[in-house]
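**Q** heads up, no residue letters with this:
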DNA sequence: CGTATTTTTGAAGCGATTCAATGGACGTGG
DNA sequence: CCACGTCCATTGAATCGCTTCAAAAATACG
């Protein structure tokens, strides 16, 4: 729990466009937290006191439904924030945040952040844009879930993950997350079995290359075609 | 397009806790818009210039998917805002807003509202809470759509609508919206046929009373039991 | 009344789930 | 470096929930 460097904040979406003085002020109020792989930043249904911006590592956000099913809500990469919505709404955390690797985050509690927003109106505007963007994402995902079939949802999810954390390789784009079929199933609202079958089919067609916790997209355009429901060949 | 009365703003979530001076300032910047039933406040994919707070009437928010399917996102009742997220994010409207009755709304454009937020920090905080709440709703709905069966989703949707616009009657609680089976289907991500069958089953069991564009909940606890997946009898 | 909209119902079909069981990959310790 | 145990992925077969299409019935409305 040490004091973070103000310069490092500048790279984060949430703090874009703030001047040096504001940055100092905000950084002074932050608390650094370092976690090992598998440790939790916070747990679902705890009172939401503090939100974080991820500096290093990766974080998995999961939610457990009342009847015990688990859902992967999203992954957080360095520079992104998590928990902000719950803190601002003054609720409990609606999901759990687990470090997938050794991770470092900066945290602020609600009252502190509100004070900061009052002092720096630009911060409030940025927060709003970010949260608004989050609404868009969820809305899009909602529409997907209610109108699209599983294969398409999986295609979309892989493409999204590719944008978020894909690295080019000689044979395609690799998704840089240790994703199990179970994870993909929990993100798309289906089962491990179906994911396995779908991926097997795509592998057959040469669209992807998949192994244990490893997915490489060999033909992104084919995946886009599936996601957008275009005729496969043209 | 006349000037709204500041006192009327006080009842709205968005402006709760603001003092009279602030209210005057905000009201002075608002534009009133009056629509007949069937007219649109705005259309999906127009540039989002202005958001509204509904003063009177009811508004249906719908979204059309790329492949032409329609989804009912939610209904807006007096006192609620709509379009805020799109305006703050500076995007196009992700959905269309249609007046179901003759409706009255107050509107603000983005730059104006940002200026107002800078002058009244309390307004920024309130906006954030509201948008945050919206995120929660969508997140909950996401979880529903990805893990629950149709019957449960319909039960939940009816309960939600009951909370939003239900009126007590001798024989139960009536949903005060002219809801077609099609509307319910579009809210729950299913088909007219399935909705009809499910409602018929519930009517059979005495849980609801339904007619053309009319649904009355006779046994809310039974519906809750279905929504929560509890054993029906106890 | 006649017409349009909304709702219901039947029957067929399919996509996805479920369960059970096998097969493969990885890490660890001997 | 091999052998073992564990976790992860695959596959087949049975089943089911829901959709789809077609058509009729009910309700509202001018």
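**A** Thanks, I have the structure now. Owing to the predicted nature of the structure, the values given are computational and were not obtained by experimental measurement.

**Q** Can you classify residue A:197 by secondary structure?
**A** Look at residue A:197: counting by DSSP: H, G, I helix; E, B strand; the rest coil, its state is helix.

**Q** any idea how far it is from DNA strand D?
**A** 5 Å (Cβ to the nearest atom of the strand, to the nearest Å). For every residue, glycine as well, the C-beta is placed using N, CA and C.

**Q** swap in residue A:45?
**A** 24 Å.

**Q** these two touch, right, that residue and residue A:95?
**A** No - the criterion here is Cβ atoms under 8 Å, and residue A:45 misses it with residue A:95 at 9.3 Å.

**Q** higher neighbour count, the two?
**A** Higher neighbour count among residue A:45 and residue A:95: residue A:95, with 23 against 13, using other Cβ atoms under 10 Å in any protein chain shown.

**Q** list the contacts for the residue nearest to residue A:73 when sequence neighbours are not counted?
**A** Excluding the flanking residues, the one nearest residue A:73 by Cβ to Cβ, 6 or more residues apart in numbering or on different chains is residue A:61, at 4.4 Å. Shown in contact with residue A:61 (Cβ atoms under 8 Å, 6 or more residues apart in numbering or on different chains): A:72-76, A:82, A:95-98.

**Q** Then residue A:128?
**A** B:88, B:124, B:127-128, B:131.

**Q** hmm, try it at 7 Å
**A** Each residue near residue A:128 by Cβ atoms under 7 Å, 6 or more residues apart in numbering or on different chains is listed here: B:88, B:127-128, B:131.

**Q** ok, back up a step: would you turn the contacts of residue A:61 into JSON lines with pLDDT?
**A** Shown next, in JSON lines, are these (pLDDT from 0 to 100):
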{"residue": "A:72", "pLDDT": "95"}
{"residue": "A:73", "pLDDT": "94"}
{"residue": "A:74", "pLDDT": "94"}
{"residue": "A:75", "pLDDT": "95"}
{"residue": "A:76", "pLDDT": "95"}
{"residue": "A:82", "pLDDT": "96"}
{"residue": "A:95", "pLDDT": "95"}
{"residue": "A:96", "pLDDT": "96"}
{"residue": "A:97", "pLDDT": "96"}
{"residue": "A:98", "pLDDT": "94"}
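
**Q** Please see if stretch A:36-46 touches DNA strand C.
**A** No - judged by Cβ under 7 Å from any atom of the strand, stretch A:36-46 and DNA strand C are separated, with a smallest distance of 11.9 Å.

**Q** End to end on that stretch, go ahead and measure it.
**A** With Cα to Cα, to the nearest Å as the measure, the ends of stretch A:36-46 fall 20 Å from one another.

**Q** If you average the pLDDT over that stretch, what comes out?
**A** Here stretch A:36-46 scores 93 as its mean pLDDT.

**Q** Next up, the contacts around the spatially most central residue of chain A.
**A** Nearest to the mean C-alpha position of chain A, by Cα atoms, centre = their mean, lies residue A:75 at 2.9 Å. Residues near residue A:75 by Cβ under 7 Å, 6+ apart: A:58-60, A:164, A:177.

**Q** now it, what's its secondary structure?
**A** The three-state assignment at residue A:75 reads strand, by three-state DSSP.

**Q** what bridges to it?
**A** Counting by DSSP bridges, residue A:75 is bridged to residue A:60.

**Q** How much space separates the closest residue to residue A:220 other than its chain neighbours from chain B?
**A** Excluding its sequence neighbours, the residue lying closest to residue A:220 (Cβ to Cβ, 6+ apart) is residue A:173, at 6.4 Å. Computed as Cβ to the nearest Cβ, to the nearest Å, the residue A:173 to chain B distance reads 24 Å.

**Q** how about residue A:96, what does it touch?
**A** Counting by Cβ under 7 Å, 6+ apart, residue A:96 has contacts A:40, A:42-44, A:62.

**Q** What are the buried residues along stretch A:65-82?
**A** A:71-76, A:78, A:80-82 (16 or more other Cβ atoms under 10 Å in any protein chain shown).

**Q** of those, closest to DNA strand D?
**A** The closest of these to DNA strand D turns out to be residue A:72 (Cβ to the nearest atom of the strand; 12.6 Å).

**Q** secondary structure element for the closest one?
**A** Using DSSP states H and E, residue A:72 maps to strand A:70-76.

**Q** After that strand, which helix or strand is next?
**A** Following strand A:70-76 in sequence order, the next helix or strand is strand A:81-82 (DSSP H and E).

**Q** Give me the contact status of that following strand with chain B.
**A** No - counting by Cβ under 7 Å from any Cβ of the partner chain, chain B has no neighbours in strand A:81-82; the shortest distance is 12.1 Å.

**Q** Run the chain-centre distance for that strand.
**A** 8 Å (Cα atoms, centre = their mean, to the nearest Å).

**Q** where does residue A:225 fall, phi/psi-wise?
**A** phi -60, psi -40 (degrees, to the nearest 10).

**Q** That one and residue A:148, how far apart?
**A** Distance, residue A:225 to residue A:148, using Cβ to Cβ, to the nearest Å: 14 Å.

**Q** Which one of these two is surrounded by more residues?
**A** Between residue A:225 and residue A:148, residue A:148 has the larger neighbour count (other Cβ under 10 Å), namely 20 against 17.

**Q** What backbone torsions are found at the more buried one?
**A** With angles defined as degrees, to the nearest 10, residue A:148 sits at phi -110, psi 160.

**Q** go on, residue A:57?
**A** Torsion angles, degrees, to the nearest 10, at residue A:57: phi 100, psi -170.

**Q** contacting residues around it?
**A** With Cβ under 7 Å, 6+ apart, residue A:57 has these contacts: A:99-104.

**Q** Buried ones from those, can you make that a PyMOL selection?
**A** Applied in PyMOL, the following selects the buried portion of the contacts of residue A:57 according to 16+ other Cβ under 10 Å:
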select buried, chain A and resi 99+103+104
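
**Q** which of the contacts of residue A:57 lies closest to DNA strand D?
**A** Taking the contacts of residue A:57 together and measuring to DNA strand D by Cβ to the nearest atom of the strand, the closest member is residue A:100, at 11.7 Å.

**Q** separation between the closest one and residue A:72?
**A** Plainly put, residue A:100 is 11 Å away from residue A:72 if you go by Cβ to Cβ.

**Q** Now do the domain split for chain A, please.
**A** Chain A breaks down by automatic domain parsing into domains covering A:6-145, A:150-228.
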